[in-house]
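A.B. asks: test case, fold it:
(2 chains)
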Amino acid sequence: MKAALRRAVGWVRRAPRRLSSVLDRHPRLRLALLLAAPMLILVVVYLGALAVLLLSAFWSTNTFTGDTVKTFTLDNFRDVVTSSTYRTVIVRTVLVALAVTVICAVLACPMAFYMAKVASPRARRLLVVAVLTPLWASYLVKAYAWRAMLAGDGVVNWALAPFGLRGPGFGLTATVIVLSYLWLPFMVLPVYAGLERLPDSLLEASGDLGAKAGRTFRSVVLPLAFPAVVAGAIFTFSLSLGDYIAVQIVGGKSQLLGNLIQGNAGAANNLPLAAALAAVPIVIMVVFLLGVRRTGALDNL
Amino acid sequence: MIGTKMVALGAAGLLALAACGGSSGGSGDSTPTATGNEAAPQGFTPPDLKALDKLGTPEGELNVVAWAGYAEDGSTDPAVDWVTPFEKATGCQVNVKTAPTSDDMVNLMKTGQYDVVSASGDASLRLIASGDVEPVNTDLVPNYADVFDGLKMKPWNSVNGVAYGIPHGRGANLLMYNTDVVKPAPTSWSVVFDQASPYQGKVTAYDSPIYIADAAVYLMKTKPDLGIKNPYALDDKQFTAAVDLLKAQNANIGEYWSDYTKEIQAFKNGDSVVGTTWQIILNLAAADKAKVAAVLPSEGATGWSDTWMVATKSQHKTCAYKWLDHIISPKVNAEVAEWFGEAPSNSKSCAETVDKTFCDTYHADDEAYFDQVWYWNTPIAQCLDGRTDVTCKDYGDWTTAWQEIKG
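C.D. replies: Numbers count the residues shown, from 1 in each chain, chains lettered A, B, ... in the order given. Predicted coordinates:
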């Protein structure tokens, strides 16, 4: 009896060590246990929600009772494709997202280059903090601040008045400005990280071979930084594509894809049609990523 | 290649999040069930629900969905507070959720997380038909006895002789304008429709499909040959005319509003100079020193007659009934009416208003005045004006058209 008890106690006491030796001998098991929780969240929360969303796009809504009718139909997708309103808005949204991406890239490249290659280590730290600081403030506060600045009697008009100019007012231009402002850090940081990895010796070699600054930028910096710009572009493009709040605040009467989705899900209570519309940015993003892949930029990411 | 996949997954995750953010709504469409302003058979059977038969002990909590200005707790203006006295008297802690449109109210009530709602006519019958609200036992609301008869047992707050709520107040959607810019002072909606071009880019309108009815009210007077009898009962031709009018108006619109603080700002900054408004927006904008005035135009207007309703799934029904009685008690009803700028529903409120002419100004018991006001209602396929030879456009069509109008 006593011996059995002692054996049992010994077994329990040695259990952790046995477990660790099992884990030691089976690296794959170790990896599986380590990744189980994050993978579960990724599959269930991210992809699961996406799957449910796409599935409901094939259902419809009973206009009398308001219930979702769970029978397969392609009507929602037909509505999305055939309606000229939806087509116009989709094209407008893509153009806005492209404009925001281009503006962010043009602004971010010199900024990131200065931060990575020119600034002293101390200034570099301060600049990184300066780029990150706007991310600490709420999206809404920043958007409403721009609404106040772009208003009829706002700062922008006041500053432009001496030159006889007027600000853009509320509308698509204002939307592009505000979105560029909001997403700029998402472009600066990847480009900065990419340029930081660029060896200084390459720039010196280019200079030794007689290239001027512009030529060095075109032939050395840009090709090497391109994957980083693409990484930033994926952020700015996809964030702009899904945005519907900034345009409500500064967009005047214009509506983007997100507003249509919100209108169908919120006001009209037509969740299936909203889901079909939500598939549009997914398709656009997939096309965008495939296009980017063809340039080879993703291989170096 | 691993990089490609990771990026694709990340992008998909972002999109999923964005999509989730965009689709915060319940299921269920406009259950089209409303009738016209006249009492008429309603043509639908609401779910069989029983009203509360007696009050219990207050549950200590009450979750309210209300129009802005209906449930003030002193946070907007310390002097404007009828929630705190209620909390002290009943021990029911009140949480207020303001909703910008009727559609939002319907969606919020569908979550089952709220106890009472101040529903307008374009929401109340949808809520009744879907079973989200239950009949109200008016015997448990002592102040109901003093409510104007003109507001009791109306098609938007009762079904087949069963009361579903307590009338709160009523008013009209007014035409607000900047007194410096819009001259002479307008008396007609034409200033936002046919003659809006001088104010191009500075016209504003309410951002909801129900705004199509405003165009219909205007067409009733200006294009009588269309034969519009009720702005919520539009057949194909009438509907197209109203939608075309709004599409033409879109060229002059600066922005549409549904967030009332946005409209106050826009008028204050001069970004909007003329458009629809609620009296409370006028009051707050004027208090903010914006140069604004409002008028009920000669064509009449759309308006609202709101009803406090009790959620079927409410866990705080005693608190809910206490709230119903509190909000239409003469003094509080007068406070709300004066703050929001609408006609009170309690006949004894008129003696309690600070401004003794208030009830005359707002035509509280003037049924002839309210005959010019078309209370919000839910458009359905069976024409609300009684026509049986045509099909009318339902709220789903109104919503689609509204998106087209905005373009």
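A.B. asks: C-alpha only now, for contacts and for neighbours.
C.D. replies: OK.
A.B. asks: pick out the residue nearest the middle of the chain.
C.D. replies: No chain was given, so I picked chain A. residue A:235 (3.1 Å; Cα atoms, centre = their mean).
A.B. asks: ah, no, chain B please
C.D. replies: residue B:120 (4.6 Å).
A.B. asks: I'd guessed that one sits against residue B:304; true?
C.D. replies: Yes - counting by Cα atoms under 8 Å, residue B:304 is a contact partner of residue B:120 at 6.0 Å.
A.B. asks: intersection of neighbour lists for these two?
C.D. replies: Residues within reach of residue B:120 and of residue B:304 at once, by Cα atoms under 8 Å, 6 or more residues apart in numbering or on different chains, are residue B:376.
A.B. asks: that older thread, how far away is the residue nearest to the centre of chain B from residue B:103?
C.D. replies: 10 Å (Cα to Cα, to the nearest Å).
A.B. asks: ditto for residue A:199
C.D. replies: Relative to residue B:103, and taking Cα to Cα, residue A:199 is found at 58 Å.
A.B. asks: can you name the helix or strand that residue 249 falls in?
C.D. replies: In the absence of a named chain, chain A is used. Assessed by DSSP states H and E, residue A:249 sits inside helix A:245-250.
A.B. asks: that was the other one, I meant chain B.
C.D. replies: Going by DSSP H and E, residue B:249 is part of helix B:236-250.
A.B. asks: give me phi/psi at residue B:228?
C.D. replies: Backbone torsions of residue B:228, given as degrees, to the nearest 10, read phi -70, psi 120.
A.B. asks: what's the answer for residue B:98, then?
C.D. replies: Dihedral angles (degrees, to the nearest 10) for residue B:98: phi -90, psi 140.
A.B. asks: domain ranges for the chain?
C.D. replies: You didn't pick a chain, so chain A it is. The record's domain split for chain A, according to automatic domain parsing, is A:2-56, A:83-300.
A.B. asks: switch to chain B, please.
C.D. replies: B:61-171+B:304-365, B:174-277+B:379-406.
A.B. asks: and among the domains of chain A, the most buried is which?
C.D. replies: domain A:83-300 (a mean of 19; mean count of other Cα atoms under 10 Å in any protein chain shown).
A.B. asks: what is the burial count for the residue nearest to residue B:181 when sequence neighbours are not counted?
C.D. replies: Once flanking residues are discounted, residue B:181 sits nearest to residue B:273: 7.0 Å by Cα to Cα, 6 or more residues apart in numbering or on different chains. Using other Cα atoms under 10 Å in any protein chain shown, residue B:273 has 25 other residues around it.
A.B. asks: same thing with the one 4 residues further on?
C.D. replies: The number of residues packed near residue B:277 is 23, by other Cα under 10 Å.
A.B. asks: with residue A:82 instead?
C.D. replies: 10.
A.B. asks: which residues are in contact with residue B:287?
C.D. replies: Residue B:287 neighbours (Cα under 8 Å, 6+ apart): none.
A.B. asks: what's the least confident stretch among the domains of chain A?
C.D. replies: Among those, domain A:2-56 carries the lowest mean pLDDT, at a mean of 84.
A.B. asks: what's the nearest residue to residue B:290 if we skip its chain neighbours?
C.D. replies: residue B:268 (4.8 Å).
A.B. asks: apologies, that question was intended for residue A:165.
C.D. replies: Nearest non-adjacent residue to residue A:165 (Cα to Cα, 6+ apart): residue A:157, at 7.6 Å.
A.B. asks: you'd agree the one you found is up against residue A:150?
C.D. replies: Yes - using Cα under 8 Å, residue A:157 is in contact with residue A:150, at 7.1 Å.
A.B. asks: what do these two both touch?
C.D. replies: In contact with both residue A:157 and residue A:150: residue A:167, using Cα under 8 Å, 6+ apart.
A.B. asks: which helix or strand in chain B has the lowest average pLDDT?
C.D. replies: helix B:2-22 (a mean of 39; mean pLDDT, DSSP states H and E).
A.B. asks: which strands or helices does the next helix or strand after it pack on?
C.D. replies: Proceeding N to C from helix B:2-22, the next assigned helix or strand is strand B:61-66, under DSSP H and E. In terms of contacts (3 or more Cα pairs under 8 Å, 6 or more residues apart in numbering or on different chains; DSSP states H and E), strand B:61-66 is packed against strand B:93-98, helix B:102-110, strand B:116-119, helix B:317-327.
A.B. asks: biggest strand in chain B, by residue count?
C.D. replies: strand B:301-311 (DSSP state E).
A.B. asks: near chain A, which residues of the stretch 51-200 of chain B are found?
C.D. replies: For the stretch 51-200 of chain B, the contact set with chain A under Cα under 8 Å from any Cα of the partner chain comprises B:103-104, B:107, B:130.
A.B. asks: any idea which of the residues you listed is closest to chain A?
C.D. replies: Nearest to chain A, judged by Cα to the nearest Cα, of those is residue B:103 at 5.1 Å.
A.B. asks: what about the helices in the stretch 201-301 of chain A?
C.D. replies: Per DSSP state H, counting those that start in this stretch, the stretch 201-301 of chain A carries helices over the ranges A:213-216, A:222-242, A:245-250, A:257-262, A:271-294.
A.B. asks: would you turn these into CSV with distance to residue B:94?
C.D. replies: Formatted as CSV, the helices of the stretch 201-301 of chain A follow (distance: least, Cα to Cα, whole Å):
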stretch, distance to residue B:94
helix A:213-216, 65
helix A:222-242, 35
helix A:245-250, 29
helix A:257-262, 29
helix A:271-294, 31
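A.B. asks: looking at those helices, which is closest to residue A:165?
C.D. replies: In terms of Cα to Cα, the element of the helices of the stretch 201-301 of chain A nearest to residue A:165 is helix A:245-250, at 19.4 Å.
A.B. asks: so how far is stretch B:251-263 off the chain centroid?
C.D. replies: 16 Å (Cα atoms, centre = their mean, to the nearest Å).
A.B. asks: does it reach chain A?
C.D. replies: Yes - using Cα under 8 Å from any Cα, a contact is recorded between stretch B:251-263 and chain A, made by B:253-256.
A.B. asks: and the contacts of that stretch?
C.D. replies: By Cα under 8 Å, 6+ apart, stretch B:251-263 touches A:170, A:251-254, B:100-101, B:196-197, B:199-208, B:271-272, B:281.
A.B. asks: buried ones in that stretch?
C.D. replies: B:252-257, B:259-260, B:262-263 (16 or more other Cα atoms under 10 Å in any protein chain shown).
A.B. asks: what packs against the strand or helix carrying residue A:12?
C.D. replies: According to DSSP H and E, residue A:12 maps onto helix A:2-25. If you count contacts as 3+ Cα pairs under 8 Å, 6+ apart, helix A:2-25 packs onto helix A:27-40.
A.B. asks: residue B:107: neighbour count?
C.D. replies: Using other Cα under 10 Å, residue B:107 has 24 other residues around it.
A.B. asks: hang on, the earlier thing: tell me the gap between the helix holding residue A:12 and the middle of its chain.
C.D. replies: Offset of helix A:2-25 from its chain centre (Cα atoms, centre = their mean): 49 Å.
A.B. asks: and what of stretch A:24-32?
C.D. replies: 34 Å.
A.B. asks: so what touches that stretch?
C.D. replies: Contacts of stretch A:24-32 (Cα under 8 Å, 6+ apart): residue A:23.
A.B. asks: how about the CA coordinates for that stretch, as PDB?
C.D. replies: Output of stretch A:24-32 as PDB, limited to C-alpha atoms (Å, rounded to 0.1, in the frame of the first residue of the first chain):
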ATOM      1  CA  ASP A  24      12.000  17.800 -26.600                       C
ATOM      2  CA  ARG A  25      12.000  14.700 -28.800                       C
ATOM      3  CA  HIS A  26       9.000  15.900 -30.900                       C
ATOM      4  CA  PRO A  27       9.700  19.400 -32.200                       C
ATOM      5  CA  ARG A  28       6.600  19.300 -34.400                       C
ATOM      6  CA  LEU A  29       4.300  18.600 -31.400                       C
ATOM      7  CA  ARG A  30       6.000  21.500 -29.700                       C
ATOM      8  CA  LEU A  31       5.200  23.800 -32.600                       C
ATOM      9  CA  ALA A  32       1.700  22.600 -32.900                       C
END
